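Participant: need coordinates for the below:
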Amino acid sequence: MRALGVNATGTTMWLACADDGAIVDTTPYQLDVPAGLERGLQLVGLLDECTRVLEKLSPGAVAILNPESTARITSFGSVRARVTGEVMLSLAAAKLGLPCRYISRPTVRSVLKLGTRGRLSDVVTNATGVQLRPHWKGERDLAALTALALREDADAAR
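Facilitator: Residues are numbered from 1 along each chain as shown. As a prediction, this is how the structure comes out:
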């Protein structure tokens, strides 16, 4: 099963796929959440874009990485785009009949046996063995770990 991992940061959702226990380079590697999503037609457009990307990448399942538990949220406005993007991607997955779940950073560490020391992004290259260009450090790298964790977790559940 191909697993799609998602790491949302601000107005961008970074994407990475794992297949047969390895990260595979795919395009698109990001989904941008447009500004001004309070208008209905823009929400529909984002949902359509999420659906198109999922159809193109054809994952068997999707996992969205939760933000750092220590992240400080100063206002809902500061996270609105991220939350909206994650919801639209989840809804697109549901439309296509794909399992979609949120996954915590501790779960990623546990499933991939990464230990608890340091930042998750500091152990990525050792865990994946690859660096996808562009936008690796702190962006797609965490999406890659999420995809690997989803894939490993699904294999263990069989």
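Participant: for the chain, which helix is longest?
Facilitator: helix 76-95 (DSSP state H).
Participant: mind giving me the packing neighbours of that helix?
Facilitator: strand 3-9, strand 12-19, helix 40-57, strand 61-65, strand 100-103 (3 or more C-beta pairs under 8 Å, 6 or more residues apart in numbering; DSSP states H and E). Just so you know, the C-beta spots here come from the backbone N, C-alpha and C atoms, and that holds for glycine as well.
Participant: show residues contacting that helix.
Facilitator: Identification of contacts with helix 76-95 by C-beta atoms under 8 Å, 6 or more residues apart in numbering yields 6, 8-11, 13, 31, 33, 35, 37, 43, 46-47, 50-51, 53-54, 62, 64, 67, 73, 99-100, 102.
Participant: just the buried subset of the residues you listed, please.
Facilitator: The neighbour count (16 or more other C-beta atoms under 10 Å) marks 6, 8-9, 11, 13, 31, 33, 37, 43, 46-47, 50-51, 53-54, 62, 64, 67, 100 as buried among these.
Participant: mind pulling up the pLDDT for residue 44?
Facilitator: pLDDT for residue 44: 88.
Participant: wait, I meant residue 111
Facilitator: 90.
Participant: same check on residue 73?
Facilitator: We have a pLDDT of 65 for residue 73.
Participant: so how far is residue 144 from residue 96?
Facilitator: Plainly put, residue 96 is 22 Å away from residue 144 if you go by C-beta to C-beta, to the nearest Å.
Participant: of the two, who's got more company?
Facilitator: When neighbours are counted by other C-beta atoms under 10 Å, residue 144 comes out ahead of the other of residue 96 and residue 144, with 27 against 15.
Participant: give me the spatial nearest neighbour of the more buried one, chain neighbours excluded.
Facilitator: Nearest non-adjacent residue to residue 144, counting by C-beta to C-beta, 6 or more residues apart in numbering: residue 16, 3.9 Å away.
Participant: which residues does the one you found form a beta bridge with?
Facilitator: Going by DSSP bridges, residue 16 is paired in beta bridges with residue 5.
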